[in-house]
Each structure stands twice: as C-alpha cells, then as structure tokens.
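Asker: next one to model:
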Amino acid sequence: MATSPHSPLRKFPTSGFVVLDATKKIEEEDVPSYVPEDYYPVYIGEVFRSRYQVVTKLGFGVNSTVWLCRDLREHRYLTLKMRVRTKEHDLVDLHSDREITINEHLKSNSIEHLGKDIVRRVLDSFEIASPNGNHKCMLYQPLGMSFTDYLRLLPQNRFPKDLAQRSVQLLLIALDYLHQCHIVHTDISPNNVLQKIEDDSIISQIEKGELERPIARKVLSDRTIYKSRPMPLSTGPPVLCDLGEARVGTQKHRGDIMPGIYRAPEVILGMDWDSKVDIWAIGVMTWDLLEGGHLFFARKNRILDDEQHLAEMVSLLGPPPPEFLKRSEKCYQYWDNQGNWKGSVPIPDQSFEIREQWLHGEDRALFLQFLRRMLCWMPEERPVAEELAFDEFLMQPHATAFSGTSTETLT
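Answerer: Take a look at the predicted model:
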C-alpha cells in the first residue's frame, strides 16, 4: 500500500514580530536554575527527524520547553516536549526514561478499559544532539489548559459542582486503568490534568496565528527566546498526564513522592506505599477543584513543613489509629503511644464542616462523605478507584438526569 506524501513545510515569518529587550529575562530565563546551555535552542519552523516541524511555543518549565509541531508524515498536530540536556545521574533524565518505560508497559498491556483514552501517552520519543549535549524529546497529543490554569478563569477559582463531579469521575476511571496495569501515578494534581481538544480547528488557528501574527521574541546571538502562545479554552474531558514519576509493579514501594500539599500521610511518615496514595491525592484535588482553595496549607514560614501538614491532617481526620503509628518509627516524633499529638505545632481548630462553604443539604453531605472515604489514615481503608467512580456523590448528576429533577444547591 502506498504511503501518503509528507505535508509540505510551512514557511514561517522572519520579520513582522515584536523584538523584545535582550537585557530583560523572559520565559525559561526566569527559572531560578536557568542555564542557557541546558536548553536546546529550538526555533519556529525547525524540523526534527525530517518529520516534526515546530509551529509555535506553548510553554516552558524547569526541565523542558514545550512546542506545538506538525507531524508531516501523519498529517496531524502534536506537542513536543524538549528536555534540558542529559546529564549523568540526572533526575530529569530519570523522569524522561521512566515515562517512556511506563508508556512501553502500557503498550504491551492488552487490557481493554474505558480509562485508556483518559491517560496521555508518549506517541514517539527520540534524542537529539546540541553543541552542549544531548536532549530527549517526547511527543504527545495536543491538549488544552491544565486544571490549574482553567481554575484561574472561573468565578471564585472553583469548578461548578456538576463539572467537578464529571471530571473527578473520569479521572478515577483513568486511575483504575493505571492501577489495573499495576501503575501508581504518584503525581496527581491540577497541574497534571489537562483538557482534551476535540476540535482540531482550535489548533489550526494557533498555527494560523503564528503565520499571520508571529509571536514576540528576544533575539540573542546563540538562540531566540520566544514568548509562549497560550492554548485557547476548550471544553473537552480531562486527561491525566505526566507519568514521569509513576511506579510499576505489584509490590509495595518506598521513597518520597507526590507534590507538596498532595502527599499522603504514609509518604510523609516514610512508610511503604501503594496505589492508595493516588486515591488520597484525588481526594485532596477534589476539594481544591470544588472549594476554590487548597485543603492543606502545610507550610511554616512559607516553607513546606511535614509537622504542620500532619497537624492539619489531625484536625480534619482525628488522631491516627495505633495500628497506623506502628508502621513507622517516625510517627513517634509527632504522637505518643496512645496517638496523642505531641508536636510543637498546635492542632488547627477546623473541620471539613467548618471549611466547606459552597454546598448545602444533600449535596454537602454526599460531598463530605465522598471525601472521608478517600482521606483516611489507613491506606487499605480507602476504596479502589473503580468503586469510588460510582460513589453516590459522583453519580448524583446521572441520578438527577434519570429522575428529571434538579438537586443543584450551589450558592
């Protein structure tokens, strides 16, 4: 069968853009650990592997820059993540290798599951050389805003109840797929949940914008630093992203994982952990989506602090059971043998009922009941993702649609 010809290369403007002040830092240059030589000097219009042509810049981070590109062979848009240069024993390198390994594990697993399409996969990967070293590249389906960015656009920085319910239910289905494949995500937060783009015309408009109104940039002797072009708002379902910190296997795991305020108690206290850490993170994130603020502050003098975090957990969950305390000697830094708090940080005067401010009546009762199923000291008491996906709170919109009545009680 004859293959279709490559798409023609786009010729992007070399003038007509705003030239920014070369003495002022922008984009990745503002990252505290920024070293120019660590970043590959991607330019718009560049083609990698005779196949992927860069269209525009989408973002940057400590470990990578992110670009929209065209797959000239498959006639589609993709997102290209260009990692900083490879260094021996580098955690960034480990992150990339792990994500590719996890992706290969998922590809080799024949399980059929609704959650398969809710997890972002690596579609291709390769390594390129620069004068300063090698850079790993990964390609993904293009996605829209992260939940973190989307929240900033919403009134009170919070999801409406029905949107939160639908989103969390889908994420639990994605998690069930990963857990059935014996993968623990370990890095669940609104930063790693992005919106699916269901209309490709949205992406073609981004390319059109770069052709007709090229993005502002800073032109230096050895590279061009482009401003990132924002992704437009899309209304597609959530997609769980970034498997770079995931773990695979049926055994218990050890080690420090999870982003700051989403860390489960067994992680903070140095215990063995398993897939139930993802359930804890979903519980914390559900609160953050629906309430318009973080459940845990977990900081002392603006620095993440384990003791503060644990004190806040006690205030919301009550004291941990003795069986939990016996699992780590570290527990006795904070509790006595009877489970009484002895830390230097006072227990905050709060509860879920005091903190929750948007729901009423049955909505509120079901929401807090759902939270308490996930946010408990004993990991084995947290239900599996599949069971939680059918929790009464998440099924409420379906029950409402079936009955033809509304139980919406948002203020």
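
Asker: so for the residue nearest to His182 when sequence neighbours are not counted, what's the pLDDT?
Answerer: Once flanking residues are discounted, His182 sits nearest to Thr250: 5.3 Å by CB to CB, 6 or more residues apart in numbering. C-beta here means a position set from N, CA and C on the backbone, and glycine is covered the same way. The confidence metric pLDDT takes the value 92 at Thr250.

Asker: also the one 5 residues further on?
Answerer: pLDDT recorded at Gly255 is 94.

Asker: distance of it from Leu233?
Answerer: 37 Å (CB to CB, to the nearest Å).

Asker: ok, now Leu170?
Answerer: Distance of Leu170 to Leu233, given as CB to CB: 18 Å.

Asker: who has more neighbours, these two?
Answerer: For Leu170 and Leu233, the more surrounded residue by other CB atoms under 10 Å is Leu170, and the numbers stand at 22 against 12.

Asker: point out the other helices and strands that the longest helix seen in the chain packs with.
Answerer: Secondary structure of the chain read by DSSP state H shows that its longest helix is helix 161-180. Contact partners of helix 161-180 among helices and strands, from 3 or more CB pairs under 8 Å, 6 or more residues apart in numbering; DSSP states H and E: strand 238-240, helix 276-291, helix 385-388, helix 392-403.

Asker: mind checking which of these is nearest Lys136?
Answerer: Nearest to Lys136, of all the helices and strands packed on helix 161-180, is strand 238-240, at 21.5 Å by CB to CB.

Asker: low-confidence ranges, this structure, go.
Answerer: Low-confidence regions of the chain, defined here as pLDDT under 70, cover residues 1-4, 88-95, 401-411.

Asker: now for the nearest residue to Asp222 once chain neighbours are set aside, how many residues are close by?
Answerer: The shortest distance from Asp222 to any residue other than its chain neighbours is 6.4 Å, reached at Pro41 (CB to CB, 6+ apart). When neighbours are counted by other CB under 10 Å, Pro41 registers 17.

Asker: helix, strand, or coil at Pro41?
Answerer: Of the three states, Pro41 takes coil according to DSSP: H, G, I helix; E, B strand; the rest coil.

Asker: pretty sure it contacts Thr224?
Answerer: Yes. Counting by CB atoms under 8 Å, a contact exists between Pro41 and Thr224, whose distance comes to 7.2 Å.

Asker: just to revisit the earlier point, can you redo the helices and strands packed on helix 161-180 as CSV with mean neighbour count and distance to Asn340?
Answerer: Supplementary listing: these in CSV, determined by neighbours: other CB atoms under 10 Å; distance: least, CB to CB, whole Å:
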stretch, mean neighbour count, distance to Asn340
strand 238-240, 24, 39
helix 276-291, 24, 23
helix 385-388, 19, 31
helix 392-403, 15, 33
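
Asker: in CSV: those, plus distance to Ala174.
Answerer: Supplementary listing: the helices and strands packed on helix 161-180 in CSV, determined by distance: least, CB to CB, whole Å:
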stretch, distance to Ala174
strand 238-240, 4
helix 276-291, 10
helix 385-388, 8
helix 392-403, 14
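
Asker: how close does the residue nearest in space to the middle of the chain sit to Ile279?
Answerer: When CA atoms, centre = their mean is applied to the chain, the residue found nearest the centroid is Asn192 (0.9 Å). With distances defined as CB to CB, the gap from Asn192 to Ile279 amounts to 16 Å.

Asker: just Ile111 next, same as before
Answerer: Here the criterion is CB to CB. By it, Ile111 lies 20 Å from Ile279.
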